[in-house]
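Trainee: with the sequence up front, the predicted model follows.
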Amino acid sequence: MLLAFGTPAKVAARLHKAAPVLAEALGLALAAPLAPGDPQDSLAGLSALAAAAGGSLPQLAPLPRDPGHGLPGGGHWAEALGAWRQPALLLFSAKQLDSGLPAAAAALLDRWQVPCAGLLQWGGRWQAGARRRDALPWLGGLELDVDLDPADPALLRRALALRWQQLQAR
């Protein structure tokens, strides 16, 4: 799962741009975005795909809504993701790093026992020291400024593979 946080319009726009780039960088197939109002059917389909692939990471499936927003029938996506044990990558814009949102989002997913595959920064210059001080499972970031060297996708793939092994060992 690829998750982003914020208003519905910003989440959808960020994932629309980032999901194909991240899927390619991480070496994952890109799944169609999940239906934002129906977690049970969407997650049942993803679980069937994962089981058919032997538990590997077959696809990156974007959720075009903040997983903390409420659902019409009660609950929220974070609760459903935890119930289905769907591993999630958390995507943050560089602007969101100036807030407590990454820590709050990680805590929300931890509360509902969503396996956190890691946090990713979308845009801006990667500041490894600041991210280490966050004490969150950051995988890295992708810089979007054409004047900067982009992050090495191989490093992101290795970081995700290591984090995936840690999750499987739990």
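Mentor: Now that the structure is in, tell me what you want to look at. Numbering: from 1, shown residues only.

Trainee: please, which helix or strand holds Leu162?
Mentor: Assigned by DSSP states H and E, Leu162 belongs to helix 153-169.

Trainee: wait, I meant Gln40
Mentor: helix 39-52.

Trainee: other SSEs contacting the helix or strand that that helix is followed by?
Mentor: Counting by DSSP H and E, the element after helix 39-52 in chain order, helix or strand, is strand 59-60. Packing contacts for strand 59-60, counted by 3 or more Cβ pairs under 8 Å, 6 or more residues apart in numbering; DSSP states H and E, involve helix 8-26, strand 29-30. Where C-beta positions appear, they are placed from N, C-alpha and C, glycine not excepted.

Trainee: make TSV out of the ones you listed and add mean neighbour count, distance to Gly73 and mean pLDDT.
Mentor: Formatted as TSV, these follow (neighbours: other Cβ atoms under 10 Å; distance: least, Cβ to Cβ, whole Å; pLDDT from 0 to 100):
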stretch	mean neighbour count	distance to Gly73	mean pLDDT
helix 8-26	17	18	90
strand 29-30	15	28	90
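
Trainee: between the ones you listed, which one is closest to Pro62.
Mentor: helix 8-26 (4.2 Å; Cβ to Cβ).

Trainee: which helices and strands sit right next to that closest one?
Mentor: strand 2-4, strand 29-30, strand 59-60, strand 88-93, strand 116-122, strand 138-142, helix 153-169.

Trainee: quick check: closest non-adjacent residue to Pro20.
Mentor: Leu30 (5.8 Å; Cβ to Cβ, 6 or more residues apart in numbering).

Trainee: in this structure the one you found contacts Leu60, no?
Mentor: Yes. The pair Leu30 and Leu60 qualifies as a contact (Cβ atoms under 8 Å) at a distance of 5.6 Å.

Trainee: least trustworthy helix or strand in the chain by mean pLDDT?
Mentor: One helix or strand of the chain scores below all others by mean pLDDT, DSSP states H and E: helix 39-52, with a mean of 67.

Trainee: okay, now the unreliable bits of this protein?
Mentor: Residues of the chain that meet the criterion pLDDT under 70 lie in 45-58, 143-154, 164, 166-170.
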